[in-house]
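K.L.:
Kindly return the folded structure for what I paste below:
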Amino acid sequence: MATGKNVLEMLCPAGGWIIYGDEFDGITWVDDRPRCTKAKFEAGFVEYDAWKAEQEAQLAAKKATAEAKLAALGLTADDLKALGL
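P.N.:
Numbering: from 1, shown residues only. Sure thing, here's the model as predicted:
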């Protein structure tokens, strides 16, 4: 279940806000960055789970790509850890 903070992190990732609770009226905008509307914020609770799943899928794909590149070099993630990387 998404929280107001989760929704704002999705809609306004650059920040510029403080939220108390999960209601639009609990948002304090602290600078002049682009803001979301109340309607967009409320719709964000429905959209969040799909967005989060997409973010996690992209991260997994990037990890798989990196591991494939390491394997092509004859290395593993453990080899990098042993080197302190």
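K.L.:
name the helices or strands packed onto the helix ranked longest in the chain?
P.N.:
Across the chain, the helix with the greatest residue count (assigned by DSSP state H) is helix 38-72. Secondary-structure packing of helix 38-72 (3 or more C-beta pairs under 8 Å, 6 or more residues apart in numbering; DSSP states H and E): helix 4-11, helix 77-82. Yep, even glycine has a C-beta here, placed from its N, CA and C like the rest.
K.L.:
Tell me which helix or strand comes right after the longest one.
P.N.:
This means helix 4-11. strand 17-19 (DSSP states H and E).
K.L.:
Could you pull out the buried residues of that next one?
P.N.:
Applying a neighbour-count criterion of 16 or more other C-beta atoms under 10 Å, the buried positions in strand 17-19 are 17, 19.
K.L.:
Starting from it, tell me which strands it pairs with and how they run.
P.N.:
Strand 17-19 sits in its sheet next to strand 27-29 (antiparallel), going by DSSP bridges.
K.L.:
Contacts for the strand it pairs with, please.
P.N.:
By C-beta atoms under 8 Å, 6 or more residues apart in numbering, the residues outside strand 27-29 that reach it are 4, 8, 16-20, 35, 41.
K.L.:
Can you name the residues that contact Trp17?
P.N.:
Listed by C-beta under 8 Å, 6+ apart, the contact partners of Trp17 are 8, 27-30, 35.
K.L.:
Mind checking which of those residues are buried?
P.N.:
Using 16+ other C-beta under 10 Å, the buried ones in the contacts of Trp17 are 8, 27.
K.L.:
now the contacts of Trp17 as JSON lines including distance to Glu47 and pLDDT?
P.N.:
Below are those laid out as JSON lines (distance: C-beta to C-beta, whole Å; pLDDT from 0 to 100):
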{"residue": "Leu8", "distance to Glu47": "13", "pLDDT": "96"}
{"residue": "Ile27", "distance to Glu47": "17", "pLDDT": "97"}
{"residue": "Thr28", "distance to Glu47": "23", "pLDDT": "95"}
{"residue": "Trp29", "distance to Glu47": "21", "pLDDT": "96"}
{"residue": "Val30", "distance to Glu47": "24", "pLDDT": "95"}
{"residue": "Arg35", "distance to Glu47": "17", "pLDDT": "91"}
